[in-house]
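Chemist: Next come a sequence and a model predicted from it.
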Amino acid sequence: MANRREWSEPHPPRSTAVHDPLRLNVPSLLIEQARRLGERPCVTVAGQTRSFEALRSAAARAAHALAERGVAAGDRVLVLSRNSIAFVEAALACLWLGAVLVPVNTAWRGRQLEHVVRDSDPSCLLVQEEFLEPLSAVQPPPSVRLVALADGQPASGARLWDAPVQALPRSERELPARSIHPGELAAVIYTSGTTGLSKGVMCPAGQLYWWTNVMRETLRVSESSVLYSTLPLFHINALATVFLAIATGGRIVLDERFSASRYWQRARDAGATHVALLGAMAGMLLAQPPGAADRDHRVRTAFAPDIPAQLWPSFQDRYGIEEIVAAYAGTETNQVISATEGRRSEPGYMGRVVEGFRARVVDEFDREVPDGTPGELVLRSELPFAFCLGYLNRPDATLEAMRNLWWHTGDRVAREPDGRFRFVDRLKDMIRRRGENISTWEVEEALLTHPQVAEAAVYGVPSPLGDEDVAAAVVPRGGARLDPAALIAHLEGRIAYFAVPRYVEVMAELPHTENGKVSKGPLRERGITATMWDRGETVAGRRA
């Protein structure tokens, strides 16, 4: 590749044997780095920068303010906010106090938002003012005691659920960091379900710690690294990347949102050496007209777990990227498969099993299949508390996922004889679009609220940008004439914008299995047809 820089970053060693159990948490990392690095910049969000020491102090003072308002260890704190420095400080304050962080997708509305609020049952909500309106449409959780703006003063008379909205109290006093067992619940992060509403993944303190330890290796991050991300903090990817910067002594620059036209200019302004991308983002960037900023940056590594293999050569060559790092990671697990032992990622492969984890490929009876044969990926951790504790309020789903003492991912993969894993498809009835997991069940339920829809099936179809687009096949009720555009308008405000189907096909009947269930296999095989209504790619630039 022309003008390719030589790879010189060392591969940091990791010992899995010697770790102080009471230091397997993010606050311990922050305290140590603040002592060592002091006023060195650590996190920048939307132009606001905090040094390691300022971040430590802000977390300790915010934790004290929360404690003064009655928030205690074990209480759940729901955060509904776009990327901001206040979000980062609130997240660290929760971990500092021993409260449970519950970050919420800012796109959720209606039933999904109400489910998350009620299911997590927070005692405290920290929100940005623009989200008070969608929250007001849901039933209040029974345990809520404090609703406050994460940053700024609320508008005069602002209320939520008949209670005044307060500004988050500031404190000049610092609360000592609580001694945290690595198995204590630290965060509940909601992911889309496959046969119901989203499930809350219960992440212990140790899991967040091990995320940083593993990513340090696979991404070769050091004190000289500058991470740049446009991903939202309510996802594990961005949250773990902030913790990674803290753990390594590097720096992270977070933007509020992704912009394909300004991406490389923003990365250059940040001084980024590493960027975090999703596969669809790579496609959007390549779709931009070539420009002077394409190689005018310091980026040498792109963490892009699901970038399509066919895009690798053109992406690296056009943007001068030295290495693309692929991986398999999940909110429930960790970054368990990636580039290991100094190897580089390869197009079409997720990588090999990272030290400290185990992976098998099994059939429907949990029997290991031969190399080269697709099967379900199941995982184990040999690191203490590196995986989730299960699903909040869902012991049934937890037991199903953890059957036979292996975590069942619901993804079909194949393992090569040399240990490399490649992704095949999803066993789950889920769509991956622009980095968001979409529950087809949720979209179908919303479609069925339309009075003229008798039956609906939602499924994924290939997208030219990578990932998938959402397609819906619907059967009108009683021979009614169904207008796809009106149906899409009906969905606005009922589901997240990214879950709204791009394609709609009105059909006389849907294919069914012998037991009467809708069979989506034939629909997927048909793909995008000439009879489908296409609303176009109208949401690509919309704010999440």
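Modeler: Good, I have the coordinates. Numbering: from 1, shown residues only.
Chemist: which residues of the stretch 301-450 of the chain score low on pLDDT?
Modeler: 341, 435 (pLDDT under 70).
Chemist: so where do the strands sit in it?
Modeler: Ranges of strands in the stretch 301-450 of the chain, per DSSP state E, counting those that start in this stretch, are 301-303, 323-325, 327-329, 335-338, 352-353, 357-362, 375-381, 407-415, 421-426, 430-433, 436-439.
Chemist: how far is the third one from where the chain is centred?
Modeler: Its chain's C-alpha centre and that of strand 327-329 lie 12 Å apart, by CA atoms, centre = their mean, to the nearest Å.
Chemist: repeat for the longest one
Modeler: Relative to the centre of its chain, strand 407-415 is centred 19 Å away, using CA atoms, centre = their mean.
Chemist: do the fifth one as well
Modeler: Averaging C-alpha positions (CA atoms, centre = their mean) puts strand 352-353 21 Å from its chain's average.
Chemist: List the neighbouring strands of it plus their orientation.
Modeler: Looking at strand 352-353 with DSSP bridges, its partner strands are strand 335-338 (antiparallel).
Chemist: likewise the last one?
Modeler: Take DSSP bridges as the rule and strand 436-439 pairs in its sheet with strand 430-433 (antiparallel).
Chemist: List the contacts of the strand it pairs with.
Modeler: 192, 194, 280, 306, 410, 426, 437-440, 458-460, 463, 467-470, 498-499 (CB atoms under 8 Å, 6 or more residues apart in numbering). The C-beta positions use only the backbone N, C-alpha and C, and glycine is treated the same way.
Chemist: got it, and stretch 328-338?
Modeler: 189, 191, 201, 203, 207, 210-211, 214-215, 218, 236-237, 305, 325-327, 345, 350-354, 357, 359, 377, 379, 381, 383, 386-388, 401, 407, 409, 411, 413, 421, 423.
Chemist: gap between the two ends of that stretch?
Modeler: End-to-end distance of stretch 328-338 (CA to CA, to the nearest Å): 6 Å.
Chemist: So what does the most centrally placed residue in the chain have for phi and psi?
Modeler: Central residue of the chain (CA atoms, centre = their mean): His235, 2.8 Å from the mean position. The phi/psi pair for His235 (degrees, to the nearest 10) reads phi -100, psi 150.
Chemist: surely His115 meets Lys199?
Modeler: No. Contact criterion CB atoms under 8 Å: His115 and Lys199 do not qualify, at 10.1 Å.
Chemist: quick one, which of those two is more surrounded?
Modeler: Relative neighbour count places Lys199 above the other of His115 and Lys199, with 25 against 19, counting by other CB atoms under 10 Å.
Chemist: can you count the residues close to the residue lying closest to that one once chain neighbours are set aside?
Modeler: Once flanking residues are discounted, Lys199 sits nearest to Tyr391: 4.4 Å by CB to CB, 6 or more residues apart in numbering. Using other CB under 10 Å, the number of residues around Tyr391 comes to 25.
Chemist: which other helices and strands contact whatever helix or strand Glu455 lives in?
Modeler: If you go by DSSP states H and E, Glu455 is part of strand 453-462. In terms of contacts (3 or more CB pairs under 8 Å, 6 or more residues apart in numbering; DSSP states H and E), strand 453-462 is packed against strand 430-433, helix 440-447, strand 468-476, helix 520-526.
Chemist: Tell me what angle that strand forms with strand 468-476.
Modeler: Inter-element angle recorded for strand 453-462 and strand 468-476: 160 degrees (by axes from the mean of the first three to the mean of the last three CA atoms, to 10 degrees).
Chemist: pLDDT averaged over strand 453-462 - what is it?
Modeler: Per-residue pLDDT values across strand 453-462 average out to 85.
Chemist: what's the answer for stretch 153-162, then?
Modeler: pLDDT averaged over stretch 153-162 gives 82.
Chemist: just how off-centre is that stretch within its chain?
Modeler: 30 Å.
Chemist: Can you list the neighbours in contact with the lengthiest helix in the chain?
Modeler: Within the chain, and with DSSP state H defining each element, the longest helix by residue count is helix 52-68. Helix 52-68 has contacts (CB under 8 Å, 6+ apart) with 27, 30-31, 33-34, 36-40, 42-43, 50, 77, 88-90, 92-97, 99, 124, 168-177, 246, 249.
Chemist: Which of those residues fall within strands?
Modeler: 42-43, 50, 77, 124 (DSSP state E).
Chemist: Would you mind giving the residues you listed as a markdown table with distance to Asn83 added?
Modeler: Below are the ones in strands among the contacts of helix 52-68 laid out as a markdown table (distance: CB to CB, whole Å):
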| residue | distance to Asn83 |
| --- | --- |
| Cys42 | 15 |
| Val43 | 11 |
| Arg50 | 14 |
| Val77 | 17 |
| Cys124 | 20 |
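Chemist: Find the nearest non-adjacent residue to Trp264, please.
Modeler: Per CB to CB, 6+ apart, closest to Trp264 is Ala293, 4.3 Å.
Chemist: dump the residue contacts of that neighbour.
Modeler: If you count contacts by CB under 8 Å, 6+ apart, Ala293 has them with 264-265, 268.
Chemist: what about stretch 69-84, start to end distance?
Modeler: This stretch, stretch 69-84, spans 22 Å end to end (CA to CA).
Chemist: pLDDT (mean, whole number) over that stretch?
Modeler: Computed over stretch 69-84, the mean pLDDT rounds to 95.
Chemist: so what's Val474 bridging to?
Modeler: Ala456, Val506.
Chemist: wait, isn't it in contact with Val504?
Modeler: Yes. Using CB under 8 Å, Val474 is in contact with Val504, at 6.6 Å.
Chemist: Show me whatever sits in contact with both of the two.
Modeler: Taking CB under 8 Å, 6+ apart as the criterion, Val474 and Val504 both touch Leu487.
Chemist: more crowded one of these two?
Modeler: Neighbours per residue (other CB under 10 Å) separate Val474 from Val504, with Val474 holding more: 25 against 22.
Chemist: What distance do you get for that one to Ala446?
Modeler: 12 Å (CB to CB, to the nearest Å).
Chemist: what does Ser259 give?
Modeler: Taken as CB to CB, the span from Ser259 to Ala446 is 29 Å.
Chemist: Burial check on Leu405, number of neighbours?
Modeler: Neighbour tally, Leu405, other CB under 10 Å: 7.
Chemist: Cool, thanks, signing off.
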